[in-house]
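>>> with the input below, show me the fold.
(chains A and B)
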Amino acid sequence: MAASLTEASDGALVVAIGRWREEALAEAYRRHAGAVFGLARRVVNDSALAEEVVQEVYLRLWNEPEKFDPERGSLRSFLLAQTHGRAVDLLRSDTSRRRREEREARQTAESGYDIEHEVWDLAMAEHVKDALAVLSEDERRAIELAYFAGHTYREVATLLGAPEGTVKSRIRTGLRRMRDGLAEAGIGTSWND
Amino acid sequence: MERLTGHADLQELLGAYALDAVDPDEAAAIERHLPTCPRCRNELADHREVAGLLGYAGGAAPSGLWDRIITSLEEPPPALLMTRSPVGTPAPSNRAAPPAAWSLGRGPSGDDQVPMDGADASGIPPRWPYVGAVPEPPVLAPPPPIHARNPADNVVPISGRRPRTVPMRLMVAVATVAAVIVAALGIQLGRVGLRKSPQPATPNLLALAYRVADADPAARHLTLTSPDGAHTVRAVIIADGTTFLGSGNLDTLPKDETYQMWGVVDGARVSLGVIGNNPTYAAFTTPPVATLLAMTVEPRGGVVSSTKTPVIAGVVPA
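The predicted structure is shown next:
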């Protein structure tokens, strides 16, 4: 495959990774490591730990490229799904959980849980803000608490004082509405930028 | 803990699952359900795409991190630099440690019969083809059938099962039967150069031709293998040179690529045809003077000539 890797499709890039081409992994890093790191850091709240997550995700891509199926979605969403899963695992480890609960208890008592700042404190791409804007307040809170703060839906239900079924439904509906909003805006599934 | 019952219960959880926001037993129940339900898989894929968008913060990764990653990759031993396994090497195989028998890359004469892929400047000669005895590939469990990605193609997976014994009376007419089947399928054989083997409308006929040929006592058999032995395809050559491929565990390629067959004649590669990206059974003609059969991965449609290292290769028996 002589074509330049910078223009390679997700599938072609991963095939090249499967052939031990380090420059293909480097290209996957160039495209997505920023997103991977940003999400990891946002979830685990710890830069050093976030770097470990990035390393794990890319090593896994190097060693098991066959796990990526281009027909199931983009490479970015694949990598971010792995990143998020790993970050949440770290977050839910016992010590980490205790520290976090203490911190959150303090926050809730002091300032009232300020989700807006939690979400906007990173440099967020415009289209992400727009995507979240189509949600109702309830949907956005549920999704943000689940995704960024790494809570299970049951924990979110407790935090929001809402029934579990309601929270499940808000998350599912919210994601669907965002997807429809994105489709309308013509944003496809390839995030190459 | 209430027991998750119906499909509706699981569907309700898909959004939370996509955000890693379910309990472990719920995750397990969903993971058991997904392989059986395309609708849920599609919904989950949609949720994951949106989550991917949410997760994108637009920043850059810290400097120095890439260096740590690249140095932590396993350094493959020099011989392995030549390996060009397709994506999907079976998980248990340790790609950094090839079996000892494969670590020397030269045949007795040290000659290269197959030109190197020019991308490597290491100067290490290719690990194959082997001149002389071909090491037996490691005994593997029967290879899994090739995953059929496009049911519309109506392809028959190559299975690792041995063909059933063909009754004696059929063996007599083997060569004729095979020739008739091949002709009926419109497979163009006999011309050297770039040729397309069209997907047969009735792949079962080709599978039958393979099995019939395989049972022919006068046929020659060979196994094309990858250097690490993980990928193999069996080939049967009958008296008139018609060659049938079957019984292999090649990976499906992306749609813009294809497998291409080559025969090596006097050290030069001759194209024997394009096999497709999701090969099942195939037929082509092996020139009588070909000493090796090799398969490469090429852009869809094939190429006129190739110096790529083959993904699998085998010596044509005398």
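>>> what ranges does chain A have for its helices?
A:10-18, A:22-44, A:47-63, A:75-92, A:94-111, A:115-120, A:126-133, A:137-147, A:153-160, A:164-184 (DSSP state H).
>>> burial count for the closest residue to B:P288 other than its chain neighbours?
Counting by CB to CB, 6 or more residues apart in numbering or on different chains, B:P288 lies nearest to B:G241, which is 6.0 Å off, once chain neighbours are set aside. Where C-beta positions appear, they are placed from N, C-alpha and C, glycine not excepted. Using other CB atoms under 10 Å in any protein chain shown, B:G241 has 15 neighbouring residues.
>>> was I right to think B:G241 contacts B:V289?
No. If you go by CB atoms under 8 Å, B:G241 and B:V289 don't touch, sitting 10.3 Å apart.
>>> mind checking what secondary structure B:S305 has?
Counting by DSSP: H, G, I helix; E, B strand; the rest coil, the backbone at B:S305 sits in coil.
>>> least confident secondary structure element in chain A?
Least confident helix or strand, chain A: helix A:115-120 with a mean of 43, by mean pLDDT, DSSP states H and E.
>>> any idea of the pLDDT on residue 130?
Answering for chain A, as no chain was given. Per-residue confidence (pLDDT) for A:D130: 76.
>>> wait, chain B was what I had in mind.
So B:Y130 comes in at 33 (pLDDT).
>>> rewinding a little: quick one, what contacts the residue nearest to B:P288?
B:G241 makes contacts with B:T285, B:T286, B:P287, B:P288, as judged by CB atoms under 8 Å, 6 or more residues apart in numbering or on different chains.
>>> of these, grab the buried ones for ChimeraX.
Only the buried entries of these go into this ChimeraX selection, using 16 or more other CB atoms under 10 Å in any protein chain shown:
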select /B:285,286
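>>> which one of the contacts of B:G241 sits closest to B:D214?
Comparing these against B:D214 with CB to CB places B:T286 closest, at 15.3 Å.
>>> the helices in chain B, which residues?
For chain B, the helices defined by DSSP H cover B:7-18, B:24-33, B:38-55, B:65-72, B:168-171, B:174-184, B:203-214.
>>> can you convert the ones you listed into CSV and add a column each for mean neighbour count?
Below are those laid out as CSV (neighbours: other CB atoms under 10 Å in any protein chain shown):
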stretch, mean neighbour count
helix B:7-18, 21
helix B:24-33, 15
helix B:38-55, 20
helix B:65-72, 14
helix B:168-171, 11
helix B:174-184, 17
helix B:203-214, 21
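>>> lowest mean pLDDT across those helices, which one is that?
helix B:168-171 (a mean of 46).
>>> so how many other residues sit close to A:S4?
Neighbours of A:S4 using other CB under 10 Å come to 8.
>>> roughly how far apart are it and A:V15?
Using CB to CB, to the nearest Å, one gets 15 Å for the distance from A:S4 to A:V15.
>>> show me what contacts B:S306?
B:S306 makes contact with B:Q260, B:W262, B:R269, B:T296, B:E298 under the criterion CB under 8 Å, 6+ apart.
>>> how about 7 Å then?
When contacts are counted by CB atoms under 7 Å, 6 or more residues apart in numbering or on different chains, B:S306 is found next to B:R269, B:T296, B:E298.
>>> nearest to chain A, of these?
Closest approach between these and chain A, by CB to the nearest CB: B:E298, at 9.5 Å.
>>> quick one: the closest one and B:D256 touch, right?
No. If you go by CB atoms under 7 Å, B:E298 and B:D256 don't touch, sitting 10.2 Å apart.
>>> for B:N278, grab the count of nearby residues.
21.
>>> wait, I meant B:A219
B:A219, neighbours per other CB under 10 Å, totals 21.
>>> repeat that for the one 4 residues further on.
The burial metric for B:T223, expressed as a neighbour count using other CB under 10 Å, is 16.
>>> show the pLDDT at B:R161.
For B:R161, the predicted pLDDT is 43.
>>> ok, now which ones touch A:A131?
Contacts of A:A131 (CB under 7 Å, 6+ apart): A:M178, A:G181, A:L182, B:L53.
>>> quick one: least confident of the residues you listed?
A:L182 (74).
>>> hmm, B:V311 and B:A294 touching each other?
No. Contact between B:A294 and B:V311 fails when scored by CB under 7 Å: they sit 8.5 Å apart.
>>> returning to that earlier point: between the contacts of B:G241, which is nearest chain A?
Looking across the contacts of B:G241 and measuring by CB to the nearest CB, the closest to chain A is B:T286, at 27.3 Å.
>>> how much space between the closest one and B:D46?
Remark: distance between B:T286 and B:D46 (CB to CB) = 48 Å.
>>> now do A:E7
On the measure of CB to CB, A:E7 and B:D46 end up 27 Å apart.
>>> how about A:E155?
Distance of A:E155 to B:D46, computed by CB to CB: 24 Å.
>>> quick check, pLDDT for B:V233.
91.
>>> wait, B:G246
For B:G246, the model assigns a pLDDT of 85.
>>> name the nearest residue to it, ignoring sequence neighbours.
Spatially, and ignoring its direct neighbours in sequence, B:G246 is nearest to B:Y210 (4.1 Å; CB to CB, 6+ apart).
>>> swap in B:I312?
B:L224 (4.1 Å).
>>> just give me the neighbour total for the closest residue to A:A16 other than its chain neighbours.
Leaving aside its sequence neighbours, A:A16 sits nearest to A:A24 (CB to CB, 6+ apart; 3.5 Å). The tally of other residues near A:A24 (other CB under 10 Å) stands at 23.
>>> wait, A:A24 sits on A:G18?
No. Assessed by CB under 7 Å, A:A24 is found out of contact with A:G18, at 8.6 Å.
>>> which ones among the contacts of B:S306 lie within strands?
Taking DSSP state E, the ones among those that sit in strands are B:R269, B:T296, B:E298.
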